[in-house]
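Novice: Model the structure of this input:
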Amino acid sequence: MIMEEELDGAIKEVVFHPYIKRMAELREAFAGKRLDTLLYEIRDHVSSEDLKVVLKTLDGLECWIKEG
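Specialist: The predicted structure is shown next:
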């Protein structure tokens, strides 16, 4: 179980790391866009399974922000 957790953490780092360099670019791309507009654009361009992941992630973010 410990190895699985460590592996999951390592995979997260590998997957996330390229986005650190793109943060400014992404911030600029999303600047001035409303969340509802972004969600409709996402909905129109991803599969239903991917949309479920996005929405579940947003639900988690909402909880984390309220806790933080």
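
Novice: Would you pull up how far stretch 42-56 lies from the middle of the chain?
Specialist: 11 Å (Cα atoms, centre = their mean, to the nearest Å).

Novice: can you check stretch 35-49 too?
Specialist: Averaging C-alpha positions (Cα atoms, centre = their mean) puts stretch 35-49 13 Å from its chain's average.

Novice: and if you look at stretch 54-67?
Specialist: Remark: stretch 54-67 is offset 10 Å from the chain centroid, using Cα atoms, centre = their mean.

Novice: Quick one: residues in contact with it.
Specialist: Applying Cβ atoms under 8 Å, 6 or more residues apart in numbering, the contact partners of stretch 54-67 are L39, I42, V46. Yep, even glycine has a C-beta here, placed from its N, CA and C like the rest.

Novice: Which of the residues you listed fall within helices?
Specialist: Among the contacts of stretch 54-67, the ones falling in helices (DSSP state H) are L39, I42.

Novice: Show me where the chain has its helices.
Specialist: Secondary structure of the chain (DSSP H): helices located at 2-30, 35-45, 48-67.

Novice: Give the rounded mean pLDDT of the first one.
Specialist: The reference is to helix 2-30. Mean per-residue pLDDT for helix 2-30: 92.

Novice: Going forward, count from 626.
Specialist: Done: numbering now begins at 626, and the last item shifts to helix 627-655.

Novice: orientation of that helix relative to helix 660-670 in degrees?
Specialist: Put simply, helix 627-655 runs at 110 degrees to helix 660-670, going by axes from the mean of the first three to the mean of the last three Cα atoms, to 10 degrees.

Novice: Show me what helix 627-655 is packed against.
Specialist: Using 3 or more Cβ pairs under 8 Å, 6 or more residues apart in numbering; DSSP states H and E, no helix or strand is in contact with helix 627-655.

Novice: rewinding a little: save the helices of the chain as JSON lines, and put in mean neighbour count too.
Specialist: Below are the helices of the chain laid out as JSON lines (neighbours: other Cβ atoms under 10 Å):
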{"stretch": "helix 627-655", "mean neighbour count": "9"}
{"stretch": "helix 660-670", "mean neighbour count": "11"}
{"stretch": "helix 673-692", "mean neighbour count": "10"}
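
Novice: I'm done for today, thanks for sticking with me.
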